[in-house]
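**Student:** have a look; sequence and predicted model below, questions after that.
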Amino acid sequence: MRDMRGLRESDAYKSTLEHFKNIDPCQHNVFKNLHIERTDSRCPICECLIDGSLFRQNNKNKITAISATIDHFRPIEHYPNFKCEDKNYLLLCSDCNNVLKKSLFPLYGSRTRATTISDISIEKPLLVNPIDDNIEELFTLLFIFRPDGSRILEVAIHPALVEGSYFYEKAKTSIEIFKLGECYTTDTKDNVQVCRIDILRKHFEDLYKIALAFRNHSSELRVLLQEYKKTENKHGFMKFIKNNNFKIIIPQG
């Protein structure tokens, strides 16, 4: 996941906001490039590339590119007054936005939906927003080795969160909706089929050697990081690794 906090305080954002207010009211696409630059051309939720290099088969058996979309974090179906609010725009990949999130916006407990941007403090949304939330306080990474030989990186609820609390439920709901964890929690294949296995396996391949070197204080770490710096479109998950916010799970026996 990508930490996008501070985006709205940047000079580039403020300049774009002026353009948005004076020239392109409600044309939220003017913020798209700013968001893409902030995430290094990755979805801030699932971290798949959104540069047109990845493809998926849609429900009509057509192959389409996974693309960058910028849309309303709070869906205008439920928040019509937020259509032109810049603070309500968020970049997601087309899968996270159109296939998974859609118009979902669950709240914690029984709460009235906000009608103005100043009222959002009355809400407790159960979907993470990388621009507003500290994602490392919500999530941790699991590098999982399965008995069947498969390897996968999952996003999990941060172990410091208390079950049933707001932030626990926020992390849990975000993982469920974006299908990024609990892929192998049962002996059936049902969980696997609803998780985004291809993406999560690729993340494991990209990051495991570095995570292991960090954990073991390996002399190989410097070389691995030098190679990593040469790679474009770097992972936001690296911040989790550098802060030791991950766990390696290897089956016993």
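**Tutor:** Cool, the structure landed. For clarity, every value in this text was computed on a predicted model and none was experimentally measured.
**Student:** show me what contacts the spatially most central residue of the chain?
**Tutor:** Against the mean C-alpha coordinate of the chain, by CA atoms, centre = their mean, the closest residue is residue 45 at 1.1 Å. By CB atoms under 8 Å, 6 or more residues apart in numbering, residue 45 lies in contact with 1-2, 92-93, 96, 128, 130, 174, 178, 180. Placement of C-beta: from N, CA and C, glycine included.
**Student:** mind putting those residues into JSON lines with secondary structure and neighbour count?
**Tutor:** Shown next, in JSON lines, are the contacts of residue 45 (DSSP: H, G, I helix; E, B strand; the rest coil; neighbours: other CB atoms under 10 Å):
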{"residue": "1", "secondary structure": "coil", "neighbour count": "27"}
{"residue": "2", "secondary structure": "coil", "neighbour count": "21"}
{"residue": "92", "secondary structure": "strand", "neighbour count": "24"}
{"residue": "93", "secondary structure": "strand", "neighbour count": "27"}
{"residue": "96", "secondary structure": "helix", "neighbour count": "26"}
{"residue": "128", "secondary structure": "coil", "neighbour count": "24"}
{"residue": "130", "secondary structure": "coil", "neighbour count": "23"}
{"residue": "174", "secondary structure": "helix", "neighbour count": "26"}
{"residue": "178", "secondary structure": "helix", "neighbour count": "24"}
{"residue": "180", "secondary structure": "coil", "neighbour count": "25"}
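**Student:** buried residues in stretch 6-24, which are they?
**Tutor:** Neighbour-count burial for stretch 6-24, with 16 or more other CB atoms under 10 Å as criterion, is recorded at 7, 13, 16-17, 20.
**Student:** average pLDDT for that stretch, rounded please.
**Tutor:** In this model, stretch 6-24 has a mean pLDDT of 91.
**Student:** kindly indicate whether the closest residue to residue 79 other than its chain neighbours is helix, strand or coil.
**Tutor:** Residue nearest to residue 79 in three dimensions, not counting chain neighbours: residue 113, with 6.7 Å by CB to CB, 6 or more residues apart in numbering. Counting by DSSP: H, G, I helix; E, B strand; the rest coil, the backbone at residue 113 sits in coil.
**Student:** buried residues in stretch 199-213?
**Tutor:** 199-200, 202-204, 206-208, 210-213.
**Student:** ditto for stretch 211-230
**Tutor:** 211-214, 221, 224.
**Student:** what do you get for stretch 136-153?
**Tutor:** Buried residues in stretch 136-153 (16+ other CB under 10 Å): 138-144, 152-153.
**Student:** before we move on, what about stretch 86-102?
**Tutor:** Buried residues in stretch 86-102 (16+ other CB under 10 Å): 86, 88-97, 99-101.
**Student:** could you do stretch 63-80 as well?
**Tutor:** 66, 68-75, 79.
**Student:** measure the nearest residue to residue 117 once chain neighbours are set aside to residue 69 for me?
**Tutor:** In space, and not counting its chain neighbours, residue 117 is closest to residue 85: 5.2 Å by CB to CB, 6+ apart. Counting by CB to CB, to the nearest Å, the separation of residue 85 from residue 69 is 17 Å.
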